[in-house]
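Colleague: Fold the stuff below for me.
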Amino acid sequence: MEFIYTFTVDLFDKIKKMTEFTGTYNATIDDKGRIVLPAAFKKEMGDMAFEPLVIERNLFRDCLDIYPEAFWKDRVAAFKSTLDPFDEEDDAFLQFFYENFIKVGMAANGRINIPAEYSGYGKLKKNVRLIGMGRSIRIWDSAVYETQRMDKAAFAQRFKEKRKNKTAE
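Modeller: Numbers count the residues shown, from 1 in each chain. Predicted structure coming up:
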């Protein structure tokens with residue numbers, strides 16, 4: 001029995017390491033706040049599609065981030081490892097952190113329901129853009145995305161600065 005468990009855990013860990021969400025897709029949210037994830041994202045999730053998904057309010061922009069629960073657990077563990085549970089400020093950090101996400105299920109067809117409070121935060125209307133971000137999927141309202149996205153010139157300049165700083169180290 002232990003062999004089967006170890007084999008399953010090892011296989012799942014390999015799948016997690018191979019999973020990387022990439023690409024940009026357009027989608028539509030219906031009147032009930034439901035969206036169907038693109039087939040490429042569902043395929044990339046593999047067996048993780050049967051686990052809950054976590055929707056997080058992005059801290060820096062007016063959008064949402066969606067994580068398979070397995071990746072989210074890694075993120076939570078990394079965050080909590082930096083905190084002292086007996087420190088008042090760290091307790092407030094932890095509360096803020098937990099207030100900014102919710103777990104949801106995904107139907108067999110890839111449909112998820114985005115709660116109204118989260119859709120409002122992301123300013124999601126009808127047409128949305130889904131962007132693969134490696135371990136997560138970012139969801140933007142299409143119009144908001146166009147006003148807040150980094151343009152090509154800014155990317156090139158920032159990349160040049162990052163490389164320069166990296167070589168200076």
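
Colleague: export the host helix or strand of Glu44 as CSV, just CAs?
Modeller: Using DSSP states H and E, Glu44 falls within helix 39-45. Only the C-alpha atoms of helix 39-45 are listed here, as CSV (Å, rounded to 0.1, in the frame of the first residue of the first chain):
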residue,chain,number,x,y,z
ALA,A,39,-9.3,23.9,-23.3
ALA,A,40,-5.5,24.5,-23.2
PHE,A,41,-5.7,25.5,-19.5
LYS,A,42,-7.9,22.6,-18.6
LYS,A,43,-5.6,20.2,-20.4
GLU,A,44,-2.5,21.7,-18.6
MET,A,45,-4.2,21.2,-15.2
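
Colleague: can you tell me the average pLDDT over that helix?
Modeller: For helix 39-45, the per-residue pLDDT values average out at 92.

Colleague: Now stretch 34-47: buried residues?
Modeller: For stretch 34-47, a neighbour-count test (16 or more other C-beta atoms under 10 Å) marks Ile35, Val36, Leu37, Pro38, Phe41, Lys42, Glu44, Met45 as buried. In short, each C-beta sits where N, CA and C put it, glycine included.
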